[in-house]
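> Attaching a predicted model along with its sequence, questions to come.
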Amino acid sequence: IVGKGLLFDTGGYNIKTAMMELMKFDCGGAAAVFGAARATAALAPEGVEAHFIVAACENMINEKAMVPSDVLTASNGKTIEIINTDAEGRLTLADALVYADKEVGCESIIELSTLTGAIMVSLGKGLAGVFTTNDELAKELEDVSKTTGDKSWRMPLETAYNKQLESKIADLTNCGTRYGGSITAGLFLQHFVSKKKPFAHIDIAGPVWNDKTGATGFGTKLVTEWIRRQGISKE
C-alpha cells in the first residue's frame, strides 16, 4: 500500500494561486496508509503480508528546488521532463512504486494520493477515482468500497492519452494538457510498475477533506478491508 506524502505543497515555482492554505491535506494518501497500517496491525489478519510505503517530502521554493524544463531520473532509470512543478506528487510516487514493485516484490499494489484537481471536476468531492487495467482488482475494490462506505468509481485509462506525456528530451513529461488530467496522471504512474502486476491508483483528492470538519481519513477503511480479504482469499 503506497501513499503520497506531500506534507505541504506550495506548487513550487509553478506556485499555487488559490487554496494553498489547504495544502496540508496533500499528505492525505500517506495518512490513509498509516491509518491502514495501524488498523491492520490491530486486526492481524492471517494469510497476508502487507507493506505500507510513503515517500514523504514538501514542495517548496528554494535554491535546490526543481524548475520547469529540468530532467529528473527516476529510480528505474526513466527520465522525466518537468513541465510543471505543481505536478510533484507523481514524481515521489514513481520511486515509491518502483520500491514496492522491485525492491519489496509485492504481488499487488494499491496507491492512494490527492493527485489531481481534475478528479474533483469529474467526480465531485464525494467519490475517489480508481484507475486500474486489472478487472479483477477493480471488482475487488468496488466490492470493498460498497462495504466500507469509502465511495469510489472506476475511471478510464485511455492509452491514446499517453501521447500527452511525450517529451523531446526525456522518456516522458510529468504532466499532460489541461484536459483529462486525472487520466494522464494515472497513465504516468503505470510507467513505474510491472505491466503484469495488479496495480490500482486511487485519486482521493475530493473525499479526503471536508470543508466543515476537516480531514476525513478517507481510504483507511477501504485498504484495510481489502488487505483483510486478501488473506481470506488465500485460505
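Thanks, I have it. Residues are numbered from 1 along each chain as shown.

> Shouldn't residue 22 be within a helix?
Yes. Under DSSP: H, G, I helix; E, B strand; the rest coil, residue 22 falls within a helix.

> Show me the beta-bridge partners of the nearest residue to it once chain neighbours are set aside.
Leaving aside its sequence neighbours, residue 22 sits nearest to residue 209 (CB to CB, 6 or more residues apart in numbering; 6.8 Å). (Each C-beta comes from the backbone N, C-alpha and C, glycine too.) Under the criterion DSSP bridges, residue 209 forms beta bridges with residue 215.

> Residue 209 contacts residue 216, doesn't it?
Yes. Contact criterion CB atoms under 8 Å: residue 209 and residue 216 qualify, at 6.6 Å.

> Against residue 55, how distant is the residue minimising distance to the centre of the chain?
The centroid of the chain falls nearest to residue 113 when counting by CA atoms, centre = their mean (3.5 Å). Using CB to CB, to the nearest Å, residue 113 is found at 11 Å from residue 55.

> so what sits against both of those two?
Common neighbours of residue 113 and residue 55, using CB atoms under 8 Å, 6 or more residues apart in numbering, are 4, 93.

> which residues in the chain form strands?
For the chain, applying DSSP state E gives strands covering 2-9, 53-59, 71-73, 79-81, 109-113, 128-131, 152-154, 172-173, 199-203, 209-210, 214-215.

> Excluding sequence neighbours, find me the nearest residue to the residue nearest to the centre of the chain.
residue 4 (3.4 Å).

> Could you report the neighbour count for the one you found?
Residue 4 has 30 neighbouring residues, counting by other CB atoms under 10 Å.

> residues contacting it?
Contacts of residue 4 by CB under 8 Å, 6+ apart are 26-30, 54-55, 89, 92-93, 111-115.

> and the strands of the chain as TSV, adding distance to residue 120 and mean pLDDT?
Shown next, in TSV, are those (distance: least, CB to CB, whole Å; pLDDT from 0 to 100):
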stretch	distance to residue 120	mean pLDDT
strand 2-9	15	97
strand 53-59	19	95
strand 71-73	27	98
strand 79-81	25	98
strand 109-113	13	98
strand 128-131	9	98
strand 152-154	12	98
strand 172-173	23	98
strand 199-203	9	98
strand 209-210	10	96
strand 214-215	16	96
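
> can you redo the ones you listed as JSON lines with distance to residue 162?
Below are these laid out as JSON lines (distance: least, CB to CB, whole Å):
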{"stretch": "strand 2-9", "distance to residue 162": "21"}
{"stretch": "strand 53-59", "distance to residue 162": "23"}
{"stretch": "strand 71-73", "distance to residue 162": "19"}
{"stretch": "strand 79-81", "distance to residue 162": "14"}
{"stretch": "strand 109-113", "distance to residue 162": "19"}
{"stretch": "strand 128-131", "distance to residue 162": "13"}
{"stretch": "strand 152-154", "distance to residue 162": "19"}
{"stretch": "strand 172-173", "distance to residue 162": "8"}
{"stretch": "strand 199-203", "distance to residue 162": "15"}
{"stretch": "strand 209-210", "distance to residue 162": "30"}
{"stretch": "strand 214-215", "distance to residue 162": "34"}
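
> Quick one: closest of those to residue 139.
Of all the strands of the chain, strand 152-154 sits nearest to residue 139, with 9.2 Å by CB to CB.

> Which strands and helices lie in contact with the closest one?
strand 128-131, helix 135-148 (3 or more CB pairs under 8 Å, 6 or more residues apart in numbering; DSSP states H and E).

> List of residues touching it?
Applying CB under 8 Å, 6+ apart, the contact partners of strand 152-154 are 123, 127-132, 138, 141-142, 145, 202, 222.

> If any of those residues are buried, put those into a PyMOL selection.
Of these, the buried ones go into a single PyMOL selection, burial set by 16 or more other CB atoms under 10 Å:
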select buried, resi 123+127+128+129+130+131+132+138+141+145+202+222
